[in-house]
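Undergrad: Take this sequence and fold it.
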Amino acid sequence: MQLAERIDPQPWMTETATRAVVAALTAAGQRVLFVGGCVRDTVLKHSIKDIDIATPDPPDAVMALLAAARIKAVPTGIEHGTVTAVMPERHFEITTLRRDVETFGRRARVAFTDDWEADAARRDFTMNALYLAPDGTLFDPTGGLADLASGRVRFIGEAATRIAEDHLRILRFFRFTAWYGREPPDRQDLAACGELAAKITALAGERIAGEVLRLLAAPEPVPILRLMEMHAVLGYALPEAGDFARLERLSMLEALHDCAEPLRRLAALLAYPAGARSVAQRLRLSTAEKTRVLAALAPGEALTTASDRTLRALVYGVGLECALDRLFLAHAADSSSDRNRLRAQMVAAVAWTAPRFPVKGGDLIARGIPRGPEVSRLLRVLENWWIEQDFAPDRGSILGQLDATRHAER
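TA: Numbering: from 1, shown residues only. Here you go, the predicted structure:
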């Protein structure tokens, strides 16, 4: 590949773990290059998460080289040429150069190669086909540096061909546009996404969920969601979506407080619990994710003007995370809400530590309540009274209220 430019080696490139893995992979004289997101984000001066390495060596040779260097190797996708090097500091995904022999919309039958250009040609977008040598030499076989500089997300070659190879690339196109795009997307790329949008329904729900949530985490997701709707993509990926206005206001509020939450944004976009249940089932959200989205959409009293006392009761009842979700969504739903009020409510909610209810079932049994459902019922009655008193009564006062409750119920 032709040299594009040189950059100074970055800290992640020179840290002990990276140097050890590179030394192991090049012990027999082979050249390896960093590739994909770590290179793209280095050029953009963003923080680095995952480190991918490309090598001409086949997977069995990679496993042997790592073993010789006493580095744990896991064959995470060995049929597609991928081995993971496990270091205490981080993991490295090492993939043999490949070319597609046959594709099936999400899976592919590949052949290993030593041709760097062929490996670049099978990738999705030009900005993801940048290669970086450990010494800082950058290689750009598809024009990704220029696209990255101008904020242009562009398929390598023909969009329809790339999408036919992997239908998830439709959603990745919009997700990358949300994060990196500054220029209007290419019309032909958009047209290809729209024409093949129905292929999204064949994707695993978890894959769709991953792309949707990453898109929703972008600073301004609404323009891209509207673009997806305009090109008939959103209806296949997230047909339950509808409340763009609330999501837009929510995104602005979160930006003011630097607290973007993709699941909260998903709840804002869905706008009604039935939609959340449908999305959770179809996209196979985890139990925790489903619970959070449904809790955010649960009906309740108006929170935009809620007192600190009401907020404390909410935090105690649903937890801080869900309480903040409900608070943000309430303000996002009310275009006239006071942003300063939201900030004050957030500060109050975060600063408060929920106490533990100081009475247990054994306390009631000791006072003559028979074991069984009556103990649970009275505990709930007493706890609700304690909450209504703003958590002020101590254990003795609560047990005194037990006597008053039993007397009133006779």
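
Undergrad: In a strand, residue 138, correct?
TA: Yes - assignment of residue 138 by DSSP: H, G, I helix; E, B strand; the rest coil places it within a strand.

Undergrad: where's it relative to residue 265, distance?
TA: Between residue 138 and residue 265 the computed distance is 35 Å (C-beta to C-beta, to the nearest Å). Any C-beta I mention is one placed from the backbone N, CA and C, and that applies to glycine too.

Undergrad: Between these two, which has more neighbouring residues?
TA: residue 265 (29 against 21; other C-beta atoms under 10 Å).

Undergrad: tell me which element the more buried one falls in.
TA: helix 262-270 (DSSP states H and E).

Undergrad: Whichever helix or strand comes after that helix packs against which elements?
TA: Note on helix 262-270: by DSSP H and E, the next helix or strand toward the C-terminus is helix 273-282. Using 3 or more C-beta pairs under 8 Å, 6 or more residues apart in numbering; DSSP states H and E, the elements in contact with helix 273-282 are helix 262-270, helix 287-297.

Undergrad: For the ones you listed, give me TSV that also has distance to residue 179 and mean pLDDT.
TA: What follows is the helices and strands packed on helix 273-282, written out as TSV (distance: least, C-beta to C-beta, whole Å; pLDDT from 0 to 100):
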stretch	distance to residue 179	mean pLDDT
helix 262-270	13	95
helix 287-297	21	93
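
Undergrad: which of these sits most buried?
TA: Burial of the helices and strands packed on helix 273-282 is given as mean neighbour count (mean count of other C-beta atoms under 10 Å); helix 262-270 ranks first at a mean of 25.

Undergrad: Residues contacting that helix, please?
TA: 212-214, 216-217, 221, 225, 238, 240-244, 246-247, 250-251, 254, 276, 279, 289, 292-293, 296-297, 325, 328-329, 332 (C-beta atoms under 8 Å, 6 or more residues apart in numbering).

Undergrad: Put the alpha carbons of that helix into CSV.
TA: Output of helix 262-270 as CSV, limited to C-alpha atoms (Å, rounded to 0.1, in the frame of the first residue of the first chain):
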residue,chain,number,x,y,z
PRO,A,262,-29.2,6.1,24.9
LEU,A,263,-31.9,4.1,26.8
ARG,A,264,-33.5,7.2,28.0
ARG,A,265,-33.5,8.6,24.5
LEU,A,266,-35.1,5.4,23.2
ALA,A,267,-37.9,5.8,25.8
ALA,A,268,-38.4,9.4,24.6
LEU,A,269,-38.6,8.3,21.0
LEU,A,270,-41.1,5.6,21.7
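
Undergrad: what's the angle from it to helix 287-297?
TA: 50 degrees (axes from the mean of the first three to the mean of the last three C-alpha atoms, to 10 degrees).

Undergrad: what's the angle from helix 262-270 to helix 273-282?
TA: Using the same axes, to 10 degrees: helix 262-270 against helix 273-282 is 130 degrees.

Undergrad: chain center to helix 262-270, what's the gap?
TA: 12 Å (C-alpha atoms, centre = their mean, to the nearest Å).

Undergrad: sorry, back to before: take the helices and strands packed on helix 273-282 and write them to a markdown table, including distance to residue 42.
TA: Below are these laid out as a markdown table (distance: least, C-beta to C-beta, whole Å):
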| stretch | distance to residue 42 |
| --- | --- |
| helix 262-270 | 24 |
| helix 287-297 | 31 |
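
Undergrad: for the ones you listed, which one sits closest to residue 48?
TA: Nearest of the helices and strands packed on helix 273-282 to residue 48, taken as C-beta to C-beta: helix 262-270 at 20.7 Å.

Undergrad: and the nearest residue to residue 285 once chain neighbours are set aside, which of the three is it?
TA: Excluding its sequence neighbours, the residue lying closest to residue 285 (C-beta to C-beta, 6 or more residues apart in numbering) is residue 209, at 6.2 Å. Secondary structure, three-state DSSP: residue 209 is helix.
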